[in-house]
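Peer 1: Need the 3D shape of this:
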Amino acid sequence: MDDARISVRQAGAGSGFSVTVKRNCSISPWALVWLLGVTACLSFAIGIAFAVLGAWPILPFVGLEIAALAAAFYVNGRHATDYERITLADGSVAIEIRDGDRIEEYRFAACWVRLVWRDAKQDARLLLRVPGKELEIGRHLDGPGRALLAKELRGQLAWAPIAG
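Peer 2: Numbers count the residues shown, from 1 in each chain. Sure thing, here's the model as predicted:
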């Protein structure tokens with residue numbers, strides 16, 4: 001669970017269950033901008049020093065380096081708020097998945113939902129299966145985190161009322 005956070009919210013008896021799995025975001029957006037600015041200033045200072053000594057072709061490469069780093073930070077930042085929210089209430093399972101700017105929502109009758117644990121050598125996957133659809137959940141968790149999520153969901157699904 002080093003690479004993600006799980007928050008479980010369970011309301012009063014029989015009223016519902018919700019689990020949210022989020023990415024671990026260890027640096028704030030402003031700290032990331034600050035880090036990029038400091039890195040850019042340092043790199044350009046070194047590049048200018050070399051340019052003054054006659055190695056002026058280094059400056060375009062410094063610009064490319066900073067542009068590539070900014071692009072990597074941008075892609076990372078777009079996915080910093082990714083999450084999966086699984087809610088069990090009133091005999092149905094609702095899954096909300098945020099991936100970048102895209103939000104997908106699914107709703108299934110709890111009585112049709114089956115959890116499938118696919119244990120490959122390196123990559124264990126947790127799948128939520130209903131007739132005609134298979135959805136991977138727990139993508140932001142490591143193996144033990146997925147196992148814990150599977151155990152909790154199995155227990156909740158066993159007591160889920162049939163949607164009426």
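Peer 1: Name the residues of stretch 56-69 that are buried.
Peer 2: Across stretch 56-69, burial judged by 16 or more other CB atoms under 10 Å covers 58, 62, 66. C-betas here are computed from N, CA, C, even on glycine.
Peer 1: Would you confirm that the first one contacts residue 52?
Peer 2: No. The pair residue 58 / residue 52 is not scored as a contact, 10.8 Å apart, by CB atoms under 8 Å.
Peer 1: export the buried residues of stretch 56-69 to a markdown table and tack on distance to residue 135, pLDDT and secondary structure?
Peer 2: Compiled in a markdown table, the buried residues of stretch 56-69 are given as follows (distance: CB to CB, whole Å; pLDDT from 0 to 100; DSSP: H, G, I helix; E, B strand; the rest coil):
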| residue | distance to residue 135 | pLDDT | secondary structure |
| --- | --- | --- | --- |
| 58 | 50 | 93 | helix |
| 62 | 45 | 96 | helix |
| 66 | 39 | 96 | helix |
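Peer 1: Need the residues you listed in a markdown table (columns: distance to residue 137).
Peer 2: Output for those, formatted as a markdown table (distance: CB to CB, whole Å):
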| residue | distance to residue 137 |
| --- | --- |
| 58 | 48 |
| 62 | 43 |
| 66 | 38 |
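Peer 1: tell me the domain boundaries of the chain?
Peer 2: 4-25+81-158, 29-78 (automatic domain parsing).
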